[in-house]
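Q: Show me how the following folds:
(2 chains)
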Amino acid sequence: MTPSTPLADSLQANNLHVHAGTFPAVRGVSASFGTGTFSAVIGPNGAGKSTLLRALLGLNKPESGGVCLFGRPLQSWSRPERSRALAYLAQTEGLPDSTKVRDVVALGRGAGDWRFGLLPTRPWTDDDDAAVDSALDRTDTRRFEGRKVAELSGGERQRVALARALAGQPRFLLLDEPTNHLDLAYALEVIRYLRCEVAGGLGVVAVLHDLNLAARADWLLLLHQGEVLAAGPPAEVLTPENLLASYGVRVSVLRHGDRLVILPED
Amino acid sequence: MRSDAQQSEALTAAPVARSRWVWPRTFLLLLLLLSAIVFGTGLGSVNIAPEDVLGALWRGLASQFTGAELISNDVIVWQIRLPRVVMGVLVGASLSVCGGAFQGVFRNPLADPYLLGVASGSALGATLAIVLDWPRALIPVSALVLALLSVAVTLSLAREGRRFPPTRLILAGVVVGSVLSAATTALILRGEDRARQVLAYTLGDLGFSGWRDVLTVLPYAALGCGVLLLLARALDTLQLGDLTARSLGVPVERLRLIVVIAASVATAGAVAYVGIIGFIGLIVPHMVRLAFGASHRILLPLSALLGGALLVYADLLARTSPLSQVGIVTTLLGGPFFLWLLRREKEI
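A: Below you'll find the model as predicted:
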């Protein structure tokens, strides 16, 4: 379970302890997330999913243990290097209402060189335009690139946020409940876009609440009270015993074709 | 799979997006500012035609080199009207840029230079210097010192661990601002013999401005606004949220601190000689956002131009109407305009 050797193409947590405020939210988590893999982090509310995600991004400091990106400790990466390699889609991405879609997506190209962390160091180039175009195309948001964010529906907003995160061409994309507030069709759509990116080599780590969506991931990490309860392919993690132990709910796990279906019994 | 070329390209990017229409918009507002300067200089107790104003400006500039004496209307233009107009441009631009930057950095559309007690601190410092009869060049220094002190008090009240949550900041700012305003009023009531001057000051007045004051304020405005303009791209990124901005490499807390300090410098300069001029810093950024777009790279420079022009026109209205003081005009006109904005843009 504990990865002993750092993997060259992965984002790894090694015996990670992280506090949220003063509360020990993540307690000794070890896990390895690969590029070209769709990983999902699941667990009940307060299990430490979001805290783990932020620690993996280097946004909050671990009490002990550490994070390795491509075999190198995260703190030895410079701020620009780290922000280019790891993209984040927050639970509540603040999309500025009166800004045009294309301008929002272009902000994703800002990952990286900030002199003193504050001043951009390089002018905009055709390559940047190409990267923004590509991100808009891959999320089907090109059609309304000239519209203001305020005019978009919830599903369209989430796709714009996704395009923003992809515009920086990261190696890993970490998402905090990307399907929250989306209806079934939009939620599946987001998963489909992520699937395409994973096929292109991106490493995806998504915190998901919907277990039936999580069942579509390649690899699952089930957290309970800040600790790893189970990790592995969905069929190994999504067992009635594991889900009873973490969520306290009795479920049946059914097979429908090659897919798992989680059915609560209560 | 992504190609290596794409990958290495991704590792060297930190761009500034292009925007069309920036120059036509800038030109439009430059014209507005120029007209404000010409009319602001020309109209008053003696009316001077626009072409004569331009002629007087030219002769005045030339006299700096030839040493020729200025006569009649040229003296009015150069010695009385122009310093007042230039002060108006500086103050209007400073307050508007600070307002836009505050609204961006706290992601709060109600933020303005009065937030965090910056302006009330400056006003107290300036009032103190006036009542104690300090040398005139020390007024902005005293304003800046008290502005920074009040910001420090506000920040320490709002602090939560290592962070400064915007809601707490604004609440603390309102409280500090009220306390400071009360202190300013107390000072005014004690300094009776100078009460008229100080009272005019708290209502906002450009009437005392001479060239020496303009030159004293200029470095404050240039330094404060200059730094804020440089931070435009970082402010744009911050609109995505604190965590997202940090994930994109922007040190959010450092950005907040630098914006607050730079805005304090510009606000202290703006408030030092002309006093409290309300609503300019609040509504000008909203007007620019409405008409020209929300990106700070457009918002901040265009706010400077529009704010400068509007304050000169407001002062013109104040001088030529019974409203008498520019601070009264901006508040009387700015308040209703803001209410209209509030109803129009439901999310504000």
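
Q: Nearest residue to A:Val249 in space, ignoring adjacent ones along the chain?
A: If you skip the residues right next to it in sequence, A:Val249 has A:Pro264 as its closest partner in space, 5.6 Å away by Cβ to Cβ, 6 or more residues apart in numbering or on different chains. From N, CA and C alone the C-beta is placed, and that goes for glycine too.

Q: Run through the residues that contact the one you found.
A: Under the criterion of Cβ atoms under 8 Å, 6 or more residues apart in numbering or on different chains, the contact partners of A:Pro264 comprise A:249-251.

Q: OK, contacts around the closest residue to B:Ser321 other than its chain neighbours?
A: Taking Cβ to Cβ, 6+ apart, and ignoring the residues beside it in sequence, B:Ser321 has B:Val329 as its nearest neighbour in space, at 7.9 Å. If you count contacts by Cβ under 8 Å, 6+ apart, B:Val329 has them with B:314-315, B:317-318, B:321, B:323.

Q: please redo it, this time with the cut-off set to 7 Å
A: Contacts for B:Val329 (Cβ atoms under 7 Å, 6 or more residues apart in numbering or on different chains) come out as B:314, B:317-318, B:323.

Q: Relative to chain A, how far out is it?
A: Spatial separation of B:Val329 from chain A under the definition Cβ to the nearest Cβ, to the nearest Å is 28 Å.

Q: quick one: average confidence on whichever helix or strand that residue is part of?
A: B:Val329 belongs to helix B:326-344 when elements are defined using DSSP states H and E. Averaged over helix B:326-344, pLDDT sits at 84.

Q: That helix: which residues count as buried?
A: Counting neighbours by 16 or more other Cβ atoms under 10 Å in any protein chain shown, one finds that the buried residues in helix B:326-344 are B:326-334, B:337, B:341.

Q: Now A:Thr22. Its backbone dihedrals?
A: With angles defined as degrees, to the nearest 10, A:Thr22 shows backbone torsions of phi -110, psi -10.

Q: How about A:Leu175?
A: When read as degrees, to the nearest 10, the backbone of A:Leu175 gives phi -120, psi 130.

Q: which residues touch it?
A: A:Leu175 makes contacts with A:89, A:206-207, as judged by Cβ under 7 Å, 6+ apart.

Q: Same check on A:Glu177?
A: Taking Cβ under 7 Å, 6+ apart, we find A:Glu177 in contact with A:91, A:207-209.

Q: and of the residues you listed, the nearest to B:Val77?
A: Using Cβ to Cβ, A:Gln91 is the member of the contacts of A:Glu177 that lies nearest B:Val77, at 59.7 Å.

Q: What segments of the stretch 151-266 of chain A are strands?
A: A:172-176, A:203-207, A:219-224, A:227-232, A:251-256, A:259-264 (DSSP state E, counting those that start in this stretch).

Q: May I see those arranged in JSON lines, with mean pLDDT as well?
A: As requested, the strands of the stretch 151-266 of chain A are arranged in JSON lines below (pLDDT from 0 to 100):
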{"stretch": "strand A:172-176", "mean pLDDT": "94"}
{"stretch": "strand A:203-207", "mean pLDDT": "94"}
{"stretch": "strand A:219-224", "mean pLDDT": "94"}
{"stretch": "strand A:227-232", "mean pLDDT": "91"}
{"stretch": "strand A:251-256", "mean pLDDT": "89"}
{"stretch": "strand A:259-264", "mean pLDDT": "88"}
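
Q: Which one of those lies nearest to B:Ile277?
A: strand A:172-176 (43.6 Å).

Q: Distance to chain B and neighbour count for the contacts of A:Leu175 - can I get that in TSV?
A: Formatted as TSV, the entries for the contacts of A:Leu175 read as follows, by distance: Cβ to the nearest Cβ, whole Å; neighbours: other Cβ atoms under 10 Å in any protein chain shown:
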residue	distance to chain B	neighbour count
A:Leu89	8	24
A:Ala206	15	25
A:Val207	13	24
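
Q: Going by residue numbers, what spans are helices in the stretch 1-150 of chain B?
A: B:4-10, B:22-42, B:50-66, B:73-75, B:82-105, B:118-131, B:138-158 (DSSP state H, counting those that start in this stretch).

Q: mind checking which of these is nearest chain A?
A: Nearest to chain A among the helices of the stretch 1-150 of chain B is helix B:4-10 (3.5 Å), distances taken as Cβ to the nearest Cβ.

Q: where in the stretch 1-150 of chain B is pLDDT low?
A: Across the stretch 1-150 of chain B, the ranges flagged by pLDDT under 70 are B:1-22, B:68.

Q: Please look at B:Leu248 and A:Ala106 and confirm they touch.
A: No. With contact defined as Cβ atoms under 7 Å, B:Leu248 and A:Ala106 do not form a contacting pair (11.8 Å).

Q: isn't B:Gly327 right up against B:Gly275?
A: Yes. Contact between B:Gly327 and B:Gly275 holds when scored by Cβ under 7 Å: they sit 6.5 Å apart.

Q: Show me what counts as buried in stretch B:150-162.
A: Within stretch B:150-162, the residues that qualify as buried by neighbour count (16+ other Cβ under 10 Å) are B:150-155, B:158.

Q: What of stretch A:50-66?
A: Applying a neighbour-count criterion of 16+ other Cβ under 10 Å, the buried positions in stretch A:50-66 are A:50-60, A:62, A:65-66.

Q: Which pair of the contacts of A:Glu177 spans the longest distance?
A: The most widely separated members of these are A:Gln91 and A:Leu208, with 11.8 Å between them, by Cβ to Cβ.

Q: where do the contact lists of B:Gly327 and B:Gly275 overlap?
A: B:203-205.
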